[in-house]
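Undergrad: Here's my sequence, what's the structure:
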Amino acid sequence: MSQPRVLIVSARLGGGHDGAARAIADHLGRHGADVSIVDFLDAAPRLGTMLETVFRVEVERAPWAYRLEFELWSHIPALTKVARAVFRRAFGAKVREWLQTIDPDIVIATHPFPAQLLGEFRRRRDPCVADRHLVTFLTDFSVHPMWIHPDIDVHLAVAETAAVQAKRRGHLRGPVVRVGPFVDERFRMLPERASARRHLGLPPDARIALIVGGSWGVGKLVETAAALASTGDVLPVVLAGHNEELRARAAAADGIVAVGWTNEVDLWLAASDVVVQNAGGLSSLEAMAARRPVISYEPIVGHGAENVAAMAESGVTFWARNVRELRDAVVHYASAPEELTLPALAQFQATPEAPILDLLTEAPPRPALSPQRVVLRRGLVGVASAASVFVAVNVASGLIGYEGLNLSAAARPTHVAYLAALLPTPDLASPALDAALHNDHIAVVVTERGVRRDPAAVAMAGAAGVALVNGGAGSRIGDLSLIVPVNDLQLGRAALSAVLGSPVNVYVPQNTINAVDLAWAALHHQSVIPARIIPPRALASTIAPGSIVEVADPTASVASALALAASTRQALAARHLVGAPVSELARAPELSA
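TA: Numbering: from 1, shown residues only. Okay, the predicted model is just below:
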C-alpha cells in the first residue's frame with residue numbers, strides 16, 4: 001500500500017485546536033502517514049483575521065459578549081446553517097484547492113468551522129471530497145452544536161461525555177467513536193519533580209499550584225494566584241502564554257511566579273503538585289497525561305464553563321466554586337492526587353489513532369445526491385446568509401463597543417468626569433474657543449466630514465493644544481452600521497491624522513460600532529471610548545463621577561460653544577468634580593500608529 005496522506009484542518013482560535021492537530025499528526029506519522037496541517041482561517045485571510053481578532057477581543061476583554069454570542073449559536077440552530085453557507089462561499093475555494101493539491105486519503109477537522117465546511121462539501125457531493133474520508137475530532141468534553149455536521153463520516157470524541165452529546169445533537173450518518181485525548185508524548189514521560197524544580201529554580205519543598213489559561217493566557221489567573229499566595233501555604237506559578245500584560249501583572253504581585261511563553265510546559269507540570277485551569281482545553285489534557293490533579297476555578301464563559309462542568313461530571317477534575325473550596329482543594333489533592341489522576345488517566349487510550357488508520361481499509365461513503373437548487377435562489381440565499389452572519393457578529397461587536405476597547409488599566413479617579421464635544425469645525429478657528437476648550441479639558445470630536453469642511457481650523461485647534469479625537473466618517477448611518485461593512489474608524493483617523501501630522505489613536509464612535517471597526521481597532525491598537533452622546537441641555541443632569549460624556553452641538557456658533565464650556569465648568573463645580581478630556585482614558589503608554 002502506498003504511503004497514506006492525511007490533511008488536518010485546524011484554526012488558530014485558541015491554541016488547543018492547533019495542539020490537537022500536532023498531536024494527531026505525530027501519532028499518525030509514527031505509522032508512516034504523510035500528514036499536512038493547514039489553518040482554516042488562512043483560506044480567507046482578511047475575513048479569517050477579522051474572525052480571529054473579534055474572537056480574541058470577546059474572550060479576553062468582553063467575556064459577557066462572548067457568552068451572549070455562544071448562547072445564541074447554541075440555541076438557534078438556523079445560525080449553524082447560515083454559517084455553513086458563509087464558510088462555503090468565503091473559505092470554500094481555497095480549502096477545495098488544498099484538497100486537490102494535497103490529495104489526502106483522510107481529512108480531519110480539529111475545529112468546528114472546517115468541520116462544517118467539510119460536511120457541506122460531502123452533503124453537496126462536491127468532487128473535492130470524493131474518495132476521501134472526512135473526520136471531525138471533538139477536542140472538548142462538552143460539544144457545541146457547531147461541532148456537529150450530519151454528513152461527516154466519523155466523529156472522534158475526546159471523552160464519553162462528548163460522544164454522548166454528539167449523538168444527541170443530530171441524525172448523524174456516521175459513527176461517533178470515543179478515542180480519548182491526543183497529547184504530545186513528552187507529557188507522559190516527565191522528569192522527577194525534584195529534578196524539574198532544580199532546573200526551573202523553584203523551591204524543593206513548596207506546594208506548587210500551576211495556574212494555566214491556555215496559550216492566550218485568558219481569565220482571572222492573577223486573581224486566582226493571589227488567592228492562593230495569600231495563604232502562605234501555596235506557591236502559585238502562572239503560565240501566561242502569549243499574554244505579556246498578564247505576565248507583567250503576575251510578576252508585580254507578591255508571592256507569585258510569573259512565566260511568559262515557554263516551550264517547557266512539561267517541566268513546569270513536572271515541578272507542580274496540582275494544576276488550576278479555567279477552560280477544559282489542551283492544557284488540562286496535558287496535565288492529566290502528566291499525572292497531575294486538575295482543579296477548575298473561575299471558568300471562562302461559553303465553552304470554558306461547559307467544559308469545566310462536563311469534566312467535573314466525568315470525575316476527572318474538581319470544580320472549586322469559591323476561594324475557600326479552591327484553597328482546600330489545592331491542599332487536599334496535592335496530598336491525594338490519585339483521587340483525580342486515576343480517573344483522568346482512564347480517559348487515555350494506548351492507540352487513539354487506530355480508528356483513523358482503520359478508515360484506510362474502507363471505501364469512503366457516497367451519500368445520495370442532494371436536490372439541485374435554482375441558481376438564482378442559491379445566490380439569493382447566499383447573500384442573505386452572509387448578511388445574517390455579518391449582522392450577528394456586528395451585534396456582538398456593538399455590545400463590545402459600549403464597554404470600550406484598549407482603555408487604560410489604571411483605576412479611574414472618583415472625582416473626574418471625562419469630556420468631549422462635537423462642534424462645527426469652522427468654530428475651531430477661534431483662538432478664544434480653542435483656549436477655553438484646552439483650559440477646561442474638553443476634547444473635541446472631529447470627523448472626516450468635519451476635516452474636509454475646514455482642515456485649517458482643525459490644524460489651528462491642534463496647534464493650540466486642544467485634545468482632538470477621531471469621530472469616524474461623520475455619516476449618521478446609525479444602526480445601519482450593523483449591515484454596512486464600512487471602516488468608519490479608519491476613514492476618520494486617516495483624515496484627522498493627515499491634518500495634524502501625527503497619528504490619532506482615540507476613537508469616539510458616533511454610530512454603533514461594527515465588526516470591521518472592532519477588528520481594525522484591535523489590530524492597530526486603537527482605543528475605543530464609549531461616550532454617552534447628549535445635547536447641551538442635558539449636560540447638568542448627566543455629568544457624574546467617572547462619567548464619559550460627549551456634548552453634541554453640530555450647529556453651535558462660537559458664542560454658543562463658549563457658553564457650553566462655561567456651563568461645563570459650572571456643572572463640574574456643582575458636583576465637586578474636575579474635568580478631563582476623554583483621550584485620557586486611552587491605554588498608556590502612548591499607542592503605536
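Undergrad: Can you pull the domain assignment for the protein?
TA: Per the record, the chain has its domains at 5-44+91-183+355-370, 186-345, 404-585, by automatic domain parsing.
Undergrad: Can you give me the buried ones in stretch 463-474?
TA: Of the residues in stretch 463-474, 466, 467, 468, 469, 470, 471, 472, 473, 474 count as buried by neighbour count, 16 or more other Cβ atoms under 10 Å. All C-beta spots, glycine's among them, are computed from the backbone N, C-alpha and C.
Undergrad: whoops, I mixed them up, stretch 127-144
TA: Quick answer for stretch 127-144 (16+ other Cβ under 10 Å): 128-129, 132-144.
Undergrad: And the buried residues of stretch 463-474, which is closest to residue 186?
TA: residue 470 (48.7 Å; Cβ to Cβ).
Undergrad: And for residue 211, the neighbour number?
TA: The tally of other residues near residue 211 (other Cβ atoms under 10 Å) stands at 28.
Undergrad: my guess is it contacts residue 276, does it?
TA: Yes. With contact defined as Cβ atoms under 8 Å, residue 211 reaches residue 276; the gap is 4.7 Å.
Undergrad: in the protein, which helix or strand is least confident?
TA: helix 375-403 (a mean of 46; mean pLDDT, DSSP states H and E).
Undergrad: just checking, which of the buried residues of stretch 127-144 belong to strands?
TA: 133, 134, 135, 136, 137, 138 (DSSP state E).
Undergrad: rewinding a little: out of the buried residues of stretch 463-474, flag the one nearest to residue 148.
TA: residue 472 (40.2 Å).
Undergrad: so who does the closest one touch?
TA: Residue 472 sits next to 447, 448, 488, 489, 491, 492, 507, 509, 510, 511, 517 when contact means Cβ atoms under 8 Å, 6 or more residues apart in numbering.
Undergrad: Kindly report the same for residue 555.
TA: So residue 555 contacts residue 424 (Cβ under 8 Å, 6+ apart).
Undergrad: For it, which three-state class applies?
TA: Three-state call for residue 555 (DSSP: H, G, I helix; E, B strand; the rest coil): coil.
Undergrad: Wait, residue 355 touches residue 179, no?
TA: Yes. If you go by Cβ under 8 Å, residue 355 and residue 179 touch, sitting 5.9 Å apart.
Undergrad: and residue 498, what helix or strand is that in?
TA: According to DSSP states H and E, residue 498 maps onto helix 488-500.
Undergrad: Quick one: list the elements packing against that helix.
TA: helix 448-453, helix 455-463, strand 468-470, strand 506-507, helix 515-523 (3 or more Cβ pairs under 8 Å, 6 or more residues apart in numbering; DSSP states H and E).
Undergrad: Of all those, which one is nearest residue 246?
TA: Among the helices and strands packed on helix 488-500, the nearest to residue 246 by Cβ to Cβ is helix 515-523 (16.7 Å).
Undergrad: Tell me the helix or strand right after the closest one.
TA: strand 527-528.
Undergrad: centre of the chain versus that following strand, how much separation?
TA: 17 Å (Cα atoms, centre = their mean, to the nearest Å).
Undergrad: residues of the helix or strand just after that strand that come out buried?
TA: Once strand 527-528 ends, the next helix or strand along the chain (criterion: DSSP H and E) is strand 532-534. Buried residues in strand 532-534, counted by 16+ other Cβ under 10 Å: residue 534.
Undergrad: Strand partners (parallel or antiparallel) of strand 532-534?
TA: The sheet places strand 532-534 alongside strand 548-552 (parallel), with pairing taken from DSSP bridges.
Undergrad: quick one: average pLDDT of the partner strand?
TA: The average pLDDT within strand 548-552 is 93.
Undergrad: One more: stretch 507-524?
TA: pLDDT averaged over stretch 507-524 gives 70.
Undergrad: for stretch 201-214, same thing?
TA: Averaging pLDDT along stretch 201-214 gives 95.
Undergrad: ok so, going back, between residue 355 and residue 179, which one's more packed in?
TA: Neighbour count, other Cβ under 10 Å: between residue 355 and residue 179, residue 179 has more, with 22 against 16.
Undergrad: Could I get the buried residue list for the helix or strand that contains residue 25?
TA: Using DSSP H and E, residue 25 maps to helix 15-29. Under the neighbour-count criterion of 16+ other Cβ under 10 Å, helix 15-29 has 15-25, 27-28 buried.
Undergrad: Reformat the residues you listed as TSV; add pLDDT and distance to residue 534.
TA: Putting the buried residues of helix 15-29 into TSV (pLDDT from 0 to 100; distance: Cβ to Cβ, whole Å) gives the following:
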residue	pLDDT	distance to residue 534
15	79	44
16	87	45
17	92	45
18	92	47
19	91	49
20	93	50
21	95	51
22	95	53
23	94	55
24	95	56
25	96	57
27	94	61
28	95	61
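Undergrad: out of those residues, who's nearest residue 51?
TA: Distances from residue 51 to the buried residues of helix 15-29, taken by Cβ to Cβ, are shortest for residue 17, at 13.3 Å.
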